[in-house]
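Student: Sequence and predicted structure below; questions after.
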Amino acid sequence: MILAGFLLLAVGAVDLVRQFAARRWIGYLVVAVLLLVLGSVGDALLPMLAALVTGALWVWCMPDDRPSPAGFWPAVLLGIVSVGAVVTLPERSDAGLIGEVWHLDSPVGTISFDLAVLVVGAAAFLLESANLVVRAALDGEHTWRPIERRGLDANVADAERVDGESSVSEPTAAIDRRSAFQGGRLIGPLERILVLMLTLAAAYPLLAAMLAAKGIVRFPEISRGRETGARAEYFLVGSLVSWVIALGAAFLVWWSANG
């Protein structure tokens, strides 16, 4: 369990740090120090070292400024390792120095240090890391996706050869496809956190209502692309991948708490 918690915490933390491009190295250093401290006081040095290596590999395999060269397969591998760690490695009876003073009660019972690390790691992964996985899945399936930078396709002068003479066409109008699904980078994490909480609370009717409401709210935007179905495909692929990630995180936490 502690291994899965550290892995998810490392990946989620480095992706949150990457949002601050000007001071990334400071954030990476803070994450490394945090993992070192938690691994030391929690008697989990090997999981901590594995998490440091995984975080570095994740940054390399899942860039945030260009399509991932490995697609979404690093996330699949991380998921398999996390599930395997939770299923095969039970909660530890001794959590080192912090285990001697750790005591956290909740409405569902006492939460151990290992379970707390897993919950925090899963929540951190659902914030920004899951966004990268969704984008990698869309890119890997060649699904239409709104451009990430405004003006990328705007004001481009096309040189054309007409009767042996070079002429420049008029600048093309800006194509701002982001207007199709604005706010997805914020809506996605909030939605995944809600899916995690509602699933763990066994509030399945509320979960179904929330997911249905999303489709209803997005329907006017989706229906604009019915000639090609591109918008509907984008919405379905992105939403399904996002929900699978959130449900997978809920499974990890549920199994750890009840296994």
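Tutor: Looks like it arrived, so ask away.
Student: how much space between G238 and A250?
Tutor: Remark: distance between G238 and A250 (CB to CB, to the nearest Å) = 19 Å. The C-beta positions use only the backbone N, C-alpha and C, and glycine is treated the same way.
Student: Ok, R218 next?
Tutor: For R218 relative to A250 (CB to CB), the value is 23 Å.
Student: ditto for L9
Tutor: 17 Å.
Student: Those two: which is more packed in?
Tutor: L9 (27 against 21; other CB atoms under 10 Å).
Student: Would you verify that Q19 is located in a strand?
Tutor: No. According to DSSP: H, G, I helix; E, B strand; the rest coil, Q19 belongs to no strand; its state is coil.
Student: where does the residue nearest to G96 when sequence neighbours are not counted land in three-state SS?
Tutor: In space, and not counting its chain neighbours, G96 is closest to D43: 2.8 Å by CB to CB, 6 or more residues apart in numbering. Classification of D43 using three-state DSSP returns coil.
Student: Now A95. Its backbone dihedrals?
Tutor: Dihedral pair for A95: phi -110, psi 30, per degrees, to the nearest 10.
Student: quick one: contacts for it?
Tutor: 42-44, 102, 112-114 (CB atoms under 8 Å, 6 or more residues apart in numbering).
Student: Closest one to S82 out of the residues you listed, please.
Tutor: D114 (13.3 Å; CB to CB).
Student: In the stretch 151-259 of the chain, mark out all the strands, start to finish.
Tutor: With DSSP state E, counting those that start in this stretch, the ranges of strands along the stretch 151-259 of the chain come out as 159-162, 165-168.
Student: whoops, the stretch 1-150 of the chain was the one
Tutor: Under DSSP E, counting those that start in this stretch, the stretch 1-150 of the chain gives strands at 105-106, 109-110.
Student: The last one pairs with which strands?
Tutor: With DSSP bridges as the criterion, the sheet partners recorded for strand 109-110 are strand 105-106 (antiparallel).
Student: The partner strand - what's its average pLDDT?
Tutor: For strand 105-106, the mean pLDDT works out to 78.
Student: just how off-centre is it within its chain?
Tutor: 27 Å (CA atoms, centre = their mean, to the nearest Å).
Student: cool, and stretch 110-120?
Tutor: 20 Å.
Student: what mean pLDDT does it have?
Tutor: On average, stretch 110-120 scores 90.
Student: ditto for stretch 209-222
Tutor: Mean predicted lDDT for stretch 209-222 stands at 78.
Student: CA atoms of that stretch as PDB?
Tutor: Only the C-alpha atoms of stretch 209-222 are listed here, as PDB (Å, rounded to 0.1, in the frame of the first residue of the first chain):
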ATOM      1  CA  ALA A 209     -26.900  12.100 -11.800                       C
ATOM      2  CA  MET A 210     -23.600  14.200 -11.900                       C
ATOM      3  CA  LEU A 211     -22.300  12.300 -14.900                       C
ATOM      4  CA  ALA A 212     -25.600  12.600 -16.700                       C
ATOM      5  CA  ALA A 213     -25.800  16.300 -15.900                       C
ATOM      6  CA  LYS A 214     -22.400  16.800 -17.500                       C
ATOM      7  CA  GLY A 215     -23.600  15.300 -20.800                       C
ATOM      8  CA  ILE A 216     -26.700  17.500 -20.700                       C
ATOM      9  CA  VAL A 217     -24.800  20.700 -20.100                       C
ATOM     10  CA  ARG A 218     -22.300  19.900 -22.800                       C
ATOM     11  CA  PHE A 219     -24.900  18.800 -25.300                       C
ATOM     12  CA  PRO A 220     -25.300  22.100 -27.100                       C
ATOM     13  CA  GLU A 221     -21.500  22.300 -27.700                       C
ATOM     14  CA  ILE A 222     -21.300  18.700 -28.800                       C
END
